[in-house]
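1. Provided below for reference: sequence and predicted model.
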Amino acid sequence: QVQVVESGGGLVQAGGSLRLSCAASGLTFSSYVMGWFRQAPGKEREFVAAISRRGSTYYADSAKGRFAISRDNAKNTVYLQMNSLNPEDTAVYYCAADRLGSLVTPSYEYDYWGQGTQVTVSS
């Protein structure tokens, strides 16, 4: 049974940092593209960042220069380091795994999703 579990969310002041983690089990982690998405209240889920099987990365414009995605295949874990956070980053952040896709795979093609972790940035 595949499980994807996010952690590391919380409340942070504007300008602060958070590091999200996503642990996956029940799959061959190194064979999957891993992505981070987020959904703010009243808005659609949007792409944040993705990392390929070999470590290439791709970011949404809103994340470039502030967020960094990384993965540790030995630990079956993907990370999202978020710096210079602002209130517009407030959302539930989701981790997802994609077996056959690429860095630009749309969200609906991802195979497995976590339950999400709340990130709240206060002004």
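-> Nice, I can see it. Numbers count the residues shown, from 1 in each chain.
2. So the residue nearest the centre of the chain versus Gly42, what's the distance?
-> Closest to where the C-alpha atoms of the chain average out (CA atoms, centre = their mean) is Trp36, at 2.2 Å. Distance, Trp36 to Gly42, using CB to CB, to the nearest Å: 20 Å. Glycine gets a C-beta too; all of them are placed from N, C-alpha and C.
3. End to end on stretch 46-60, go ahead and measure it.
-> Its start and end residues considered, stretch 46-60 measures 9 Å (CA to CA, to the nearest Å).
4. And the average pLDDT for it is what?
-> Throughout stretch 46-60, pLDDT has a mean value of 96.
5. just how off-centre is it within its chain?
-> 9 Å (CA atoms, centre = their mean, to the nearest Å).
6. With stretch 34-53 instead?
-> The mean C-alpha position of stretch 34-53 is separated from the chain mean by 6 Å, CA atoms, centre = their mean.
7. So for that stretch, what gets flagged as buried?
-> 34-38, 45, 47-53 (16 or more other CB atoms under 10 Å).
8. got it, and stretch 109-122?
-> 110-114, 116-117, 119, 121.
9. Ok, stretch 58-71 next?
-> Neighbour counts using 16+ other CB under 10 Å place 58-59, 62-63, 67-69, 71 of stretch 58-71 among the buried residues.
10. ok, now stretch 101-109?
-> Residues of stretch 101-109 classed as buried: 101, 103, 105, 107 (neighbour count, 16+ other CB under 10 Å).
11. For the residues you listed, work out which two are farthest apart.
-> Farthest pair in those (CB to CB) is Leu103 and Ser107. Separation: 12.8 Å.
12. Figure out how far stretch 1-21 is from the centre of its chain.
-> Its chain's C-alpha centre and that of stretch 1-21 lie 9 Å apart, by CA atoms, centre = their mean.
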